[in-house]
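[1] A structural model of the following input is requested.
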Amino acid sequence: MAATVSDLLAALPEGIDVPGETPTEQTLGDALNELTKQPIPTGALRRFGSLTGLHAKVGLAYLAYWARGCFQNADRRQQALIETNLAAAMKILSTMGYLRGAIMKIGQAAANFPDIVPDEFVDTLSRLHFEAPPMHWSLIREILHDELGRDPEDVFESFDRTAFAAASLGQVHHGRLKTGEQVAVKVQYPGIARTIRSDFRNLSILMLPLRFTRDWSCIHPQLEEVRRVLETETDYEQEADYLMRARRLFRDGDQIVVPRVHQEFSTRRVLTMEYLDGQTLAEFVRSDPSQEERDRIGSLLTRSWCRLLYAGRMNYSDPHPGNFLILKDGRLGQIDLGCMREFSDEEWEYLRYADQVVLGGRKEAEAHMRRGTDFSEAELVDLELMDAMVEYSDWMLQAMRQDEPFDYSDASVMRRGINLIHEFSRRWRPAQKPINVFIQRGVLAGWGLQHRLRSRVPVKSICDEEIAVTGWRQQTV
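    Below is the predicted model of the structure:
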């Protein structure tokens with residue numbers, strides 16, 4: 001069902017507004033464009049108010065749907081539900097686009113799970129990967145001068161004032177260096193690191209009751225791990241280092257490209273990279289490629305993740321559609337490596353120990369659960385708990401265990417994993433160790449990406465090839 005912005009507004013209960021002027025029957029981006037004139041709120045109270053207001057308005061939208069449904073037939077109720085989903089997604093899109101930062105990343109993550117959240121949410125929130133409200137040119141000019149020490153026209157031969165991509169932490173402009181190279185220049189939103197700290201302070205306030213329970217001793221280290229990694233993403237010098245290290249890992253025959261970094265034009269808040277020209281993954285899927293092409297791109301995505309992990313000793317935790325391009329010659333471009341998790345020696349040994357679960361059975365899985373969680377021995381004798389953990393482990397590893405290509409198009413398989421997570425969180429405390437937070441995030445997000453591709457990937461053979469090159473399994477555990 002195609003819906004315009006006018007349709008969305010008609011589904012909103014009275015009193016639920018959308019920022020900006022009254023939208024017309026054009027694009028959802030019309031509402032976001034109005035937000036370009038509004039600075040990003042960085043204060044904890046202001047951001048908290050925006051979120052609580054969003055919660056209430058979305059709740060009202062579904063309350064209105066429920067009330068109308070009492071007087072409608074089944075077909076009309078289904079149409080009303082779709083309209084309400086679109087209306088709620090529109091409100092979430094506007095609010096997350098306004099707040100950006102960690103909040104916007106939540107929306108991007110939700111958009112990566114079709115068939116799990118409503119389709120209307122996926123289609124609408126997918127725009128957060130590319131269409132966050134961009135900064136005004138005058139602000140961009142000021143940031144470039146502050147960071148590079150010169151006005152943009154003195155640094156670049158040309159610089160497009162209009163961003164071609166804008167997302168949670170910054171926006172990207174096309175430019176050309178004085179030496180002729182085409183570049184993509186990522187400019188960070190001002191105060192974005194402060195917004196992350198504000199969001200986590202607000203989250204701590206909301207979770208205050210948990211501080212008086214034993215769950216807090218598990219949740220707090222995990223939250224701190226998430227906050228630390230997200231704050232690291234705001235350091236473009238660190239991302240430049242990840243890009244350069246990742247680029248060295250891939251050869252021409254791999255068909256995977258990481259853009260070259262121009263360090264002399266990069267700082268903590270500005271990142272200048274080689275410009276890669278290609279289709280986004282969303283555009284690729286909309287072009288209705290053959291199953292062979294879907295499988296080929298899915299295999300490249302899997303090889304990229306494995307290469308970074310096993311050869312680079314880095315876990316890429318943000319595989320969403322906005323971070324990859326299908327280049328004109330068919331290669332896969334990986335253009336954003338900000339959300340990366342490196343491993344200490346101790347953590348690396350833990351990961352190699354965990355790999356034994358892939359090769360083993362229940363005995364190895366149970367041993368890993370004891371090492372990878374903070375459950376007490378008294379809790380681990382609970383057979384239902386251990387059964388649940390082993391079942392989830394089996395679900396996570398199934399693609400790495402089967403010899404034939406894994407079919408990611410089956411939504412029921414993905415939904416089963418989400419249900420396992422929900423059931424586990426409902427019945428037991430979150431006792432996993434912080435290292436597992438971003439590993440699982442990367443696996444789940446990657447799964448969602450492959451599901452959108454409807455790919456069939458020989459995951460086991462690709463992983464085995466990458467592991468064999470490093471000799472990872474031959475080392476003493």
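
[2] Residue 262 contacts residue 185, correct?
    No. With contact defined as CB atoms under 8 Å, residue 262 does not reach residue 185; the gap is 9.1 Å. C-beta: built from backbone N, CA, C; applies to glycine.

[3] So for the two, which residue has more residues nearby?
    Remark: of residue 262 and residue 185, residue 185 carries more neighbours, 28 against 17, as counted by other CB atoms under 10 Å.

[4] Is the more buried one in a helix, a strand, or coil?
    Classification of residue 185 using DSSP: H, G, I helix; E, B strand; the rest coil returns strand.

[5] got the contact list for it?
    144, 156, 159, 172, 173, 174, 175, 265, 270, 271, 272, 273 (CB atoms under 8 Å, 6 or more residues apart in numbering).

[6] ok, so of these, who is nearest residue 449?
    Nearest to residue 449 among those is residue 172, at 20.0 Å by CB to CB.

[7] residue contacts, residue 291?
    Neighbours of residue 291 in contact, by CB under 8 Å, 6+ apart: 454, 456.

[8] Read off the pLDDT value for it.
    At residue 291, the model reports a pLDDT of 97.

[9] Distance of the nearest residue to residue 226 once chain neighbours are set aside relative to residue 234?
    Distances taken as CB to CB, 6 or more residues apart in numbering put residue 437 closest to residue 226, at 6.3 Å, once the chain neighbours are dropped. Between residue 437 and residue 234 the distance is 19 Å, computed by CB to CB, to the nearest Å.

[10] Please list all residues in contact with residue 299.
    Counting by CB under 8 Å, 6+ apart, the residues that residue 299 touches are 455, 457, 458, 462.

[11] and if we set it to 7 Å?
    457, 458, 462 (CB atoms under 7 Å, 6 or more residues apart in numbering).

[12] same question, residue 155
    With the criterion set at CB under 7 Å, 6+ apart, residue 155 makes contact with 148, 265.

[13] try residue 218
    374, 429, 430, 431.

[14] Next, count neighbours for the first one.
    Yep, that's residue 374 we're talking about. Counted with other CB under 10 Å, residue 374 comes out at 14.

[15] quick one: it from residue 420, how far?
    Separation of residue 374 from residue 420 (CB to CB): 19 Å.

[16] And residue 137, by the same measure?
    48 Å.

[17] more crowded one of the two?
    Shown here are residue 137 and residue 420; by other CB under 10 Å, residue 420 has more neighbours (18 against 14).

[18] my guess is that one contacts residue 396, does it?
    No. Residue 420 is beyond contact range of residue 396, at 9.2 Å (criterion: CB atoms under 7 Å).

[19] Save the contacts of residue 218 as a markdown table, and put in secondary structure too.
    Supplementary listing: the contacts of residue 218 in a markdown table, determined by three-state DSSP:
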| residue | secondary structure |
| --- | --- |
| 374 | coil |
| 429 | coil |
| 430 | coil |
| 431 | coil |
